[in-house]
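Q: Next comes the sequence, and after it the predicted model I'd like to discuss.
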Amino acid sequence: METNQGDVVVLRWSRHPRCVGLARWELRKALERWGLSRLEESAVLVLSELLTNAGRHARVSPGREIETRYVRLADTLRIEVHDATPERPEKREPAAEDCGGRGLVLVEALADSWGVKDRHGPGKAVWAELSLSSE
């Protein structure tokens, strides 16, 4: 399902690895439409990490979905990933030999800010913002 109201794109995804690629494609389309293709590399990587974390850690039961929101604000691109799990992700510093655990480290490095907020209803939204003036 897609809601597209100018500067906001809302999409819902099942918990399936293929959805990450589809979500990246939708974000690229939105960035192109908004004239923000210069942010594509960072924005797509941020989205990939947030959505992969939600798919891996969120308890998504049948009929429930993970939601992405891409929001173009006056001076910021905001990427949100909503899920029904109340547990908040924590950034950790993985050891060099760890195979994973770098997602939020990458998000923090690429985004100007990021965080977690409560949702109306169960769960949370993890968000990241990228400045539109970044080159």
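A: Cool, got the structure.
Q: If you count neighbours, what's buried in the host helix or strand of R28?
A: Secondary structure assignment for R28, by DSSP states H and E: helix 18-33. Of the residues in helix 18-33, those with enough neighbours to count as buried (16 or more other C-beta atoms under 10 Å) are C19, V20, A23, R24, E26, L27, A30, L31. For the C-beta atoms, the positions are set from N, CA and C on the backbone; glycine is no exception.
Q: Closest to E67 out of the residues you listed?
A: Using C-beta to C-beta, A23 is the member of these that lies nearest E67, at 10.3 Å.
Q: before we move on, back to that, alpha carbons of the helix holding R28, as PDB, please.
A: What follows is helix 18-33, C-alpha atoms only, in PDB (Å, rounded to 0.1, in the frame of the first residue of the first chain):
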ATOM      1  CA  ARG A  18      13.000  -8.800  -1.000                       C
ATOM      2  CA  CYS A  19      11.100  -5.900   0.500                       C
ATOM      3  CA  VAL A  20      14.300  -4.000   1.300                       C
ATOM      4  CA  GLY A  21      15.200  -3.800  -2.400                       C
ATOM      5  CA  LEU A  22      11.700  -2.700  -3.300                       C
ATOM      6  CA  ALA A  23      11.800   0.000  -0.600                       C
ATOM      7  CA  ARG A  24      15.100   1.300  -1.800                       C
ATOM      8  CA  TRP A  25      13.600   1.600  -5.300                       C
ATOM      9  CA  GLU A  26      10.600   3.500  -4.000                       C
ATOM     10  CA  LEU A  27      12.900   5.900  -2.100                       C
ATOM     11  CA  ARG A  28      15.000   6.500  -5.300                       C
ATOM     12  CA  LYS A  29      11.800   7.400  -7.100                       C
ATOM     13  CA  ALA A  30      10.700   9.800  -4.400                       C
ATOM     14  CA  LEU A  31      14.200  11.400  -4.300                       C
ATOM     15  CA  GLU A  32      14.200  11.900  -8.100                       C
ATOM     16  CA  ARG A  33      10.700  13.400  -8.000                       C
END
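Q: Alright, calling it a day.
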